[in-house]
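Undergrad: 3D model of this:
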Amino acid sequence: MVSARETILWRIRHATRDVPEEERAEAVTVERGYRREDDASREERVGRFAENVAEYEATVRRVKTDELPGAIEEALERRGVKRLVVPPYLPKNGYLRASRPYGTRPDPGSPKRSSTAATAY
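TA: Modelled structure (predicted):
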């Protein structure tokens, strides 16, 4: 059985097989002209996002703001999620229904992390 590490290394070697061995990453200029602003409407940007993530077989479900807590709760229940890491800038329990209580506690990871883990009881 091949390990995940071996698979990843094989993929890297396969993807870079035509690169000369003496060539170094710092010797190649990569254009970094990323778009910083977008004049498209919100609907166009959301549509483009949905199209892009669909290429990765992600499921996109569009909901209205007031439907968001229910949609998140439904997705969590469907997947059997018991713990959830919530970024600190989201309102506490603001996106989860009160029908299923979640407690919060600091992320046990690095002290530099400021996320909160919401745990179902």
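Undergrad: CA only for contacts and neighbour counts going forward, please
TA: Fine.
Undergrad: and the next element down the chain from the helix or strand that contains residue 52?
TA: If you go by DSSP states H and E, residue 52 is part of helix 42-54. Once helix 42-54 ends, the next helix or strand along the chain (criterion: DSSP H and E) is helix 68-79.
Undergrad: So which elements touch the helix holding residue 52?
TA: Contact analysis of helix 42-54 by 3 or more Cα pairs under 8 Å, 6 or more residues apart in numbering; DSSP states H and E lists no helix or strand as a packing neighbour.
Undergrad: May I see the buried residues of that helix?
TA: Using 16 or more other Cα atoms under 10 Å as the test for burial, helix 42-54 gives residue 50.
Undergrad: Please identify the residue most distant from the middle of the chain.
TA: Largest separation from the mean C-alpha position in the chain: residue 22, at 35.6 Å (Cα atoms, centre = their mean).
Undergrad: Retrieve the pLDDT associated with it.
TA: Residue 22 carries a pLDDT value of 88.
Undergrad: Confidence-wise, which helix or strand of this protein is lowest on average?
TA: Between all helices and strands in the chain, the lowest mean by mean pLDDT, DSSP states H and E belongs to strand 116-120, at a mean of 46.
Undergrad: Any stretches of this structure with poor pLDDT?
TA: Scanning the chain for pLDDT under 70 picks out 90-121.
Undergrad: redo that, cut-off 90
TA: Applying pLDDT under 90 to the chain picks out residues 1-2, 16, 19-38, 42, 46, 50, 54-77, 79-121.
Undergrad: related to what we said a few turns ago, for residue 39, see how far away the residue farthest from the centre of the chain is.
TA: Distance check for residue 22 against residue 39: by Cα to Cα, to the nearest Å, it reads 43 Å.
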